[in-house]
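Need coordinates for the following:
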Amino acid sequence: NDSYSGSAGCPLATVNTAIGLAASGDTIMVDVGTYDARIDLNKSLRLMGANKASTFLKTTAAVGEVMQIGSATGMSFAGGALVQGFTFQGSSAMASPRRHINIRGRGADASNRIIIRDNVFDGSGFSLQYGEAIGTNTLANTGDYILIDGNQINSMKSYGMNMPALRNSQITGNTINNAG
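As a prediction, the model looks like this:
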């Protein structure tokens with residue numbers, strides 16, 4: 001229920017409500033289940049799924065991504081951000097560019113990165129032509145100080161990762177199967 005406090009005993013129903021109520025630096029623990037909404041991570045938070053095998057983020061709406069990290073104009077995350085422990089699922093109803101995560105922000109420095117770690121990206125629901133697990137764009141103030149580590153990317157219709165503006169960042173220990 002989104003009118004609850006958000007504590008372990010009185011959890012919120014939606015991830016976006018939890019993000020809206022959280023203060024910068026908080027950790028949001030997302031329980032096992034399927035969450036069907038476009039997620040807007042627009043502040044320095046740790047967003048952690050209970051179990052990547054059973055905590056699903058997806059959208060069936062006609063939007064371009066399951067999760068946007070940052071804002072339409074790009075933004076800096078002074079305290080970094082973490083997304084960990086989810087399975088992202090796509091849908092053919094999604095609009096272009098059909099990304100699981102669209103990064104429109106940057107970490108503040110090497111100690112305050114945007115971290116995408118230990119997730120599964122399943123592209124089997126995307127249409128025949130499009131679909132990316134993780135992407136950035138060429139906006140100013142995006143693509144710096146990002147760590148993408150230990151993710152599994154499966155069955156993308158286009159790219160596993162598409163990051164033309166990545167700088168001062170690391171991509172390590174990811175597995176990409178059947179991409180584009």
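
ok, and what's touching the one helix or strand in the chain whose mean pLDDT sits lowest?
One helix or strand of the chain scores below all others by mean pLDDT, DSSP states H and E: strand 132-136, with a mean of 71. By CB atoms under 8 Å, 6 or more residues apart in numbering, the surrounding residues in contact with strand 132-136 are 88, 97-104, 116, 121, 123, 142-143, 146, 148, 151, 153, 156, 158-166, 176, 179. Where C-beta positions appear, they are placed from N, C-alpha and C, glycine not excepted.

which stretches of the protein have low pLDDT?
Counting by pLDDT under 70, the chain has low-confidence residues at 92-97, 124-132, 137-142, 157, 165, 179-180.

ok, back up a step: go through the contacts of strand 132-136 and flag which are in helices.
Using DSSP state H, no member of these falls in helices.

Now a ChimeraX select for only the buried ones of the residues you listed.
Buried subset of the contacts of strand 132-136, written as a ChimeraX selection, criterion 16 or more other CB atoms under 10 Å:
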select :88,97,98,99,100,101,102,103,104,116,121,123,142,143,146,148,151,153,156,158,159,160,161,162,163,165,166,176,179
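
For the residue nearest to V63 when sequence neighbours are not counted, give me its contacts.
Distances taken as CB to CB, 6 or more residues apart in numbering place R38 nearest to V63, at 4.7 Å, with adjacent residues excluded. Residues near R38 by CB under 8 Å, 6+ apart: 59, 61, 63, 65-68.
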